[in-house]
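J.: below are the sequence and a predicted model for it; my questions follow.
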Amino acid sequence: MKLFTSVNDVSDVQQLVAEALQLKQNPFAHKHLGENKTLCLVFLNPSLRTRISTQKAGQNLGMNVIVLNIDKEGWALELQDGVIMNGTTVEHIREAAGVMGEYSDIIGVRSFPGLKNREEDYSEMIFNKFVEFCKVPVVSLESATRHPLQSLADLVTIEELKTNDRPKVVLTWAPHIKPLPQAVPNSFAEWMCKGDVDFVIAQPAGYELSKEFTNGATITHNQDEAIKDADFIYVKNWSAYEPYGKILPGNEDWMLTLDKLKEAPTAKVMHCLPVRRDLELSSEILDSDRSVVIHEAGNRVWAAQAVLKQMLEAL
Amino acid sequence: MKLFTSVNDVSDVQQLVAEALQLKQNPFAHKHLGENKTLCLVFLNPSLRTRISTQKAGQNLGMNVIVLNIDKEGWALELQDGVIMNGTTVEHIREAAGVMGEYSDIIGVRSFPGLKNREEDYSEMIFNKFVEFCKVPVVSLESATRHPLQSLADLVTIEELKTNDRPKVVLTWAPHIKPLPQAVPNSFAEWMCKGDVDFVIAQPAGYELSKEFTNGATITHNQDEAIKDADFIYVKNWSAYEPYGKILPGNEDWMLTLDKLKEAPTAKVMHCLPVRRDLELSSEILDSDRSVVIHEAGNRVWAAQAVLKQMLEAL
Amino acid sequence: MKLFTSVNDVSDVQQLVAEALQLKQNPFAHKHLGENKTLCLVFLNPSLRTRISTQKAGQNLGMNVIVLNIDKEGWALELQDGVIMNGTTVEHIREAAGVMGEYSDIIGVRSFPGLKNREEDYSEMIFNKFVEFCKVPVVSLESATRHPLQSLADLVTIEELKTNDRPKVVLTWAPHIKPLPQAVPNSFAEWMCKGDVDFVIAQPAGYELSKEFTNGATITHNQDEAIKDADFIYVKNWSAYEPYGKILPGNEDWMLTLDKLKEAPTAKVMHCLPVRRDLELSSEILDSDRSVVIHEAGNRVWAAQAVLKQMLEAL
């Protein structure tokens, strides 16, 4: 693998999931693979799970891992071509990415969307420029429109915990006070559509995701109906795709509660975290054995390690 | 050892001190012990000595060490239960600690007190919640009321440099311009009370520490009398326990000077650092061979390594 | 080597360059050398290339590398002696450097000039105090007046890419909107004056560098004449030495363009980066095969590794 940003970069999704679960059983079996290899993790935005789990995944494979919070330790990058750089940006992404490529065997990059300009965000300008100019394999640590390491960990979690061959998986929108990216739901949707699951998206009217990610999903505005008999319920807020980056009024009653789980008596509740308690998802669920969110976050290590392993093998 | 936050977590203080001094002689003798183990150091507040010495201690034991300045690289944590998270906190400590536990064999946490609400600080809410929710062994990197790695290093330093069997150790309050926590003096006091030393606390009236830490100490308001014939003088400012977190007017003459050391001709001067020169402690002492503050800071490595070694052995 | 801040710290410049090029061929041949050794990289200012390349160089030699952004993760340091520390500085450089020396086998320090007080900057107060008080070997990661790891990498690049025995190397001033230090041009000049090159400095009147760095260089105000038949053109802005730290009006036409390279048909263009595109140097050059700036940045690893190797050998 040379690039990991979307499910389409994976030749065999089931095999990658299986590999992650094997690594979970035997984390240090491939420690020679990353010896003398450098993984550079570049963050343009904050991170907790992605940072630690990917750093650990690289170390499990024997890599040297270098973390750079370029937004704090470095300086502002210029992203546009053809501008005279007499303003506040100190270095062009062409040079910054090119130089990091010189120092790295594999690079991970996190770059959130601005949520102002949909075309710009959905063109994945920052991530794609990084890929173009650094000239080494790149793994997305969440880009403007996708969070593939999260989605792979989600699929690993479902594979690990499912009790029937084709589980019903429901992605349900949740309320929030801030406009959040569509990256996690986009990515979750495109991975579920490739997985061996019955996939339903429940959301209030107006929160439709871009169709390029939801092809094959059942989409409904009826949360109760969606939840019925679900095996896994994935809770997540996102802002509107149209009008882009906006929060639509109302819909506070979409918060998932124990009461709503009555019609899904064995459903496990997932969330990518961080989660706003009692706004997106009730504390009573999070503190019960219905929630698998901590376990799911733990699987981030094996998802990252499976991807890094395939990238190391292809170097 | 599963937890290291207080002297009460140590089954045999003398043995731990001896182990630290052995590690100082042979730092890499146990490098296999931490192989494939992850130490996560989480800072909610700034750090210099604790950060570097603990990272080095973990590396000396062969551990992978991951440092997260969560206050800068992450986001604000919610500490209270039962609140609707529609404000500025992004993630609850239940999830944040739980997730970090998934990624770590041992966690170190630093969290300073707010100095506004004594009950809250002295309940060690943040540290204790971290311990509760992360579910792996935790070492305190300084909490609201204690700084045990510092105190262990202090006891190691005294053991190493003492010239008689039962040295006289004096903790003397020093002036400062900012209200500082009681963590270092609390901790130093409880460790000295368990050590084989003659322990005296000298402080202006009104700066009494909580009695739970000073049981066994001689307490005096007379600095000159306390210093007389001391073998070790530990200089440290702290704010009042009652009224909590306040600086009382006056007492500038408590700054330790060479002149005050006349009646303690062989006393070594200690300080946990950072020290405000010529406010807490005179430059003439710090720049003389009376001061052992740099040597003492160096011993932070062996204190941390002894604790981590015992934790690794108990995994 | 015990200290690396200037070309004068190097006993044999050609041999150091040769060593860097050997390490480039065989990066991991000396991995035993740094085993159980700690390299502490202390940044008082932001960094991208220096941070990553030096961290990688240390890791290539088997060292444990600890990075501390003391300006962000720590606190403000007091630099002056004899002051009562009742202001905003939390720790004196005497203690901070002394303590870091306890934890390190080798220390790297970055500290930019204030550009307000020339005598203070040119006395290298911060860097020299760090060296004095830490008591272990120190490598400059750029100080107030020099950037020696950059200059060594530059010389390595020239040695690697030159097509004749004594190449013509031109340092040409470039426009900028902010007053920048003289560290890179000072350092480049003193290294080139020791190299086997024909060295010319082209700059507008008023931008003369301090003579201590330019002894042996040809200095001209005529950029076109300087560039003629050059083999390497090093583009860099700097602020005036006199009046210190100022930008003089005009000189925008000093930006290097492809057109200006007509009289130097085989010249390679260098820059230490970060570069302001179309202000210092035209995009058309940076995006052409005339530019070697990414390659040059890549060589920072081997420069740092050669220096660290010599320091480790002298421990």
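T.: Now that the structure is in, tell me what you want to look at.

J.: drop to CA atoms for contacts and neighbour counts, all remaining ones
T.: OK.

J.: the stretch 51-200 of chain A: strands as residue ranges?
T.: A:64-69, A:77-78, A:91-92, A:106-110, A:138-140, A:168-173, A:198-202 (DSSP state E, counting those that start in this stretch).

J.: can I get these in TSV with mean pLDDT, distance to chain C and mean neighbour count?
T.: As requested, those are exported to TSV (pLDDT from 0 to 100; distance: least, CA to the nearest CA, whole Å; neighbours: other CA atoms under 10 Å in any protein chain shown):
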stretch	mean pLDDT	distance to chain C	mean neighbour count
strand A:64-69	97	7	19
strand A:77-78	95	9	21
strand A:91-92	96	5	21
strand A:106-110	98	12	25
strand A:138-140	98	17	26
strand A:168-173	98	37	25
strand A:198-202	98	42	23
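
J.: among those, which is nearest C:Ile227?
T.: For the strands of the stretch 51-200 of chain A, the distance to C:Ile227 is smallest for strand A:91-92, at 25.3 Å, taking CA to CA.

J.: in its sheet, what does that closest one sit against?
T.: strand A:77-78 (parallel) (DSSP bridges).

J.: what's next to the partner strand, contact-wise?
T.: A:85, A:89-93, A:96 (CA atoms under 8 Å, 6 or more residues apart in numbering or on different chains).

J.: state the pair within these that is farthest apart.
T.: A:Met85 and A:Ala96 (14.3 Å).

J.: tell me which of the strands of the stretch 51-200 of chain A lies nearest to B:Pro265.
T.: Using CA to CA, the nearest of the strands of the stretch 51-200 of chain A to B:Pro265 is strand A:64-69, at 49.8 Å.

J.: didn't A:Tyr122 look like it was pressed against A:Ser143?
T.: No - at 9.6 Å, A:Tyr122 does not count as touching A:Ser143 under the criterion of CA atoms under 8 Å.

J.: for these two, indicate the residue with more neighbours.
T.: Using other CA atoms under 10 Å in any protein chain shown as the criterion, A:Tyr122 and A:Ser143 rank with A:Ser143 on top: 25 against 16.

J.: what distance do you get for that one to A:Ala174?
T.: 21 Å (CA to CA, to the nearest Å).

J.: contact partners for A:Pro175?
T.: A:237, A:251-255, A:279-280.

J.: nearest to C:His295 among those?
T.: Of those, the one sitting nearest to C:His295 (CA to CA) turns out to be A:Asn237, at 44.1 Å.

J.: how about that closest one, phi and psi?
T.: Main-chain torsions, A:Asn237, degrees, to the nearest 10: phi -90, psi 150.

J.: wait, it sits on A:Ile177?
T.: No - look at A:Asn237 against A:Ile177 with CA under 8 Å: they stay out of range, at 9.6 Å.

J.: so which of these two has more stuff around it?
T.: A count of neighbours by other CA under 10 Å puts A:Asn237 above the other of A:Asn237 and A:Ile177, at 28 against 15.

J.: I'd like the distance between the residue nearest to A:Ser143 when sequence neighbours are not counted and C:Ser6.
T.: Among residues not flanking A:Ser143 along the chain, A:Ser111 sits closest, at 4.9 Å (CA to CA, 6 or more residues apart in numbering or on different chains). According to CA to CA, A:Ser111 stands 38 Å off from C:Ser6.

J.: what parts of chain A come near chain B?
T.: Residues of chain A lying close to chain B (CA under 8 Å from any CA of the partner chain) are A:28, A:46-49, A:52-53, A:55-56, A:59-60, A:69, A:176-177, A:273-279, A:283, A:294-295, A:297-298, A:301.

J.: mind checking which of those are in helices?
T.: A:49, A:52-53, A:55-56, A:59-60, A:283, A:294-295, A:297-298, A:301 (DSSP state H).

J.: neighbour count, distance to C:Thr38 and pLDDT added to those, as JSON lines?
T.: What follows is those, written out as JSON lines (neighbours: other CA atoms under 10 Å in any protein chain shown; distance: CA to CA, whole Å; pLDDT from 0 to 100):
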{"residue": "A:Arg49", "neighbour count": "22", "distance to C:Thr38": "28", "pLDDT": "97"}
{"residue": "A:Ile52", "neighbour count": "22", "distance to C:Thr38": "22", "pLDDT": "98"}
{"residue": "A:Ser53", "neighbour count": "25", "distance to C:Thr38": "25", "pLDDT": "98"}
{"residue": "A:Gln55", "neighbour count": "27", "distance to C:Thr38": "20", "pLDDT": "98"}
{"residue": "A:Lys56", "neighbour count": "27", "distance to C:Thr38": "21", "pLDDT": "98"}
{"residue": "A:Gln59", "neighbour count": "23", "distance to C:Thr38": "18", "pLDDT": "98"}
{"residue": "A:Asn60", "neighbour count": "26", "distance to C:Thr38": "21", "pLDDT": "98"}
{"residue": "A:Ser283", "neighbour count": "20", "distance to C:Thr38": "45", "pLDDT": "98"}
{"residue": "A:Ile294", "neighbour count": "22", "distance to C:Thr38": "35", "pLDDT": "98"}
{"residue": "A:His295", "neighbour count": "14", "distance to C:Thr38": "35", "pLDDT": "98"}
{"residue": "A:Ala297", "neighbour count": "26", "distance to C:Thr38": "32", "pLDDT": "98"}
{"residue": "A:Gly298", "neighbour count": "22", "distance to C:Thr38": "31", "pLDDT": "98"}
{"residue": "A:Val301", "neighbour count": "29", "distance to C:Thr38": "27", "pLDDT": "98"}
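
J.: nearest to A:Pro167, out of those: which one, please.
T.: For these, the nearest to A:Pro167 is A:His295 (18.3 Å; CA to CA).

J.: tell me, what's the model's pLDDT at the closest residue to chain B within the stretch 101-250 of chain A?
T.: Minimum separation of the stretch 101-250 of chain A from chain B (CA to the nearest CA) falls at A:Ile177, amounting to 6.3 Å. Listed pLDDT for A:Ile177 reads 96.

J.: for the host helix or strand of A:Ile285, which residues meet the burial criterion?
T.: Taking DSSP states H and E as the criterion, A:Ile285 maps to helix A:283-286. Using 16 or more other CA atoms under 10 Å in any protein chain shown as the test for burial, helix A:283-286 gives A:283, A:285-286.

J.: hmm, A:Leu23 is touching A:Ala304, no?
T.: No - using CA under 8 Å as the test, A:Leu23 is too far from A:Ala304 to be in contact (10.2 Å).

J.: can you count the residues close to A:Pro27?
T.: 18.

J.: need the contact list for the nearest residue to it once chain neighbours are set aside.
T.: Closest residue in space to A:Pro27, ignoring its immediate chain neighbours: A:Asn60 at 6.3 Å, by CA to CA, 6+ apart. Listed by CA under 8 Å, 6+ apart, the contact partners of A:Asn60 are A:27-28, A:30-31, A:305, B:36.
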